[in-house]
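In: what follows is a protein structure lacking sequence information:
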């Protein structure tokens, strides 16, 4: 079955540490997205990528970095510059034809130790 | 850019109806609707592509008023399984914007 796999499900970060969240999809989708969701809040766009080796900042990119070396993979690094990283992180993908639904992974819950 | 939803929260008894509204200050060319259960990923419900379009499945339907830059989601004869947070969403350029969300709780 095609889908999006995020790992790990839970992640703990120490002060000053960078951590990387994995997102892999086998839907052959070109576009991939990272969202942050705080408790009781909506989804805010961190980064998105329309094609391999290209990505753009979303509304809250500060303190985060991404790479898109393969079509299937779009990892997100939460750097030490992100002072409030505790949140639920969701990866999504969609086909390049407009008006396609977003397919989501199961999310990674990140907390500070 | 973020669409605004109303109400923010609603509590229903099983069998009651609800309407969730989504409004944008920018032109809407399409509207998506998603439902998210607590601690889970959002699940796609439907997409409306044209002004005046209405869609639905089961007892959940939606309408899209392009001129008013609004969409509404209608839940009729609500079931316990309808509980969750509902988000509208829209594309703008290459970005996707989710609405502010509406928490819906159905009680027995």
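Out: Good, I have the coordinates. Quantities reported herein were computed from a predicted structural model and do not represent experimental measurements.
In: mind pulling up the pLDDT for residue B:94?
Out: Turning to residue B:94, the model gives it a pLDDT of 73.
In: burial count for it?
Out: Residues lying near residue B:94 (other C-beta atoms under 10 Å in any protein chain shown) number 13. C-betas here are computed from N, CA, C, even on glycine.
In: any idea what the closest residue to residue B:62 other than its chain neighbours is bridged to?
Out: Computed as C-beta to C-beta, 6 or more residues apart in numbering or on different chains, the closest residue to residue B:62 that is not its neighbour in sequence is residue B:73, at 4.8 Å. Using DSSP bridges, the bridge partners assigned to residue B:73 are residue B:20, residue B:62.
In: now do residue B:96
Out: Beta-bridge pairing for residue B:96 (DSSP bridges): residue B:91.
In: hang on, residue B:20 packs against residue B:71?
Out: No: counting by C-beta atoms under 8 Å, residue B:20 stays clear of residue B:71, with 9.1 Å between them.
In: which parts of chain A are strands?
Out: A:4-7, A:10-13, A:19-25, A:31-37, A:43-51, A:54-57, A:64-66, A:76-78, A:87-94, A:103-104, A:108-112 (DSSP state E).
In: the longest one - contacts with which helices or strands?
Out: Read it as strand A:43-51. strand A:31-37, strand A:54-57, strand A:64-66, strand B:95-98 (3 or more C-beta pairs under 8 Å, 6 or more residues apart in numbering or on different chains; DSSP states H and E).
In: name the stretch among those strands that sits most buried.
Out: Across the helices and strands packed on strand A:43-51, averaging neighbours per residue (mean count of other C-beta atoms under 10 Å in any protein chain shown) puts strand A:31-37 on top, at a mean of 24.
In: now that strand: mean pLDDT?
Out: Averaged over strand A:31-37, pLDDT sits at 95.
In: give me the sheet partners of that strand and which way each runs.
Out: strand A:43-51 (antiparallel), strand A:87-94 (antiparallel).
In: what sits against the nearest residue to residue A:6 once chain neighbours are set aside?
Out: Spatial nearest neighbour of residue A:6, excluding adjacent residues (C-beta to C-beta, 6+ apart): residue A:105 at 3.5 Å. Applying C-beta atoms under 8 Å, 6 or more residues apart in numbering or on different chains to residue A:105 gives the contacts A:3, A:4, A:5, A:6, A:23, A:25, A:90, A:91, A:92, B:41.
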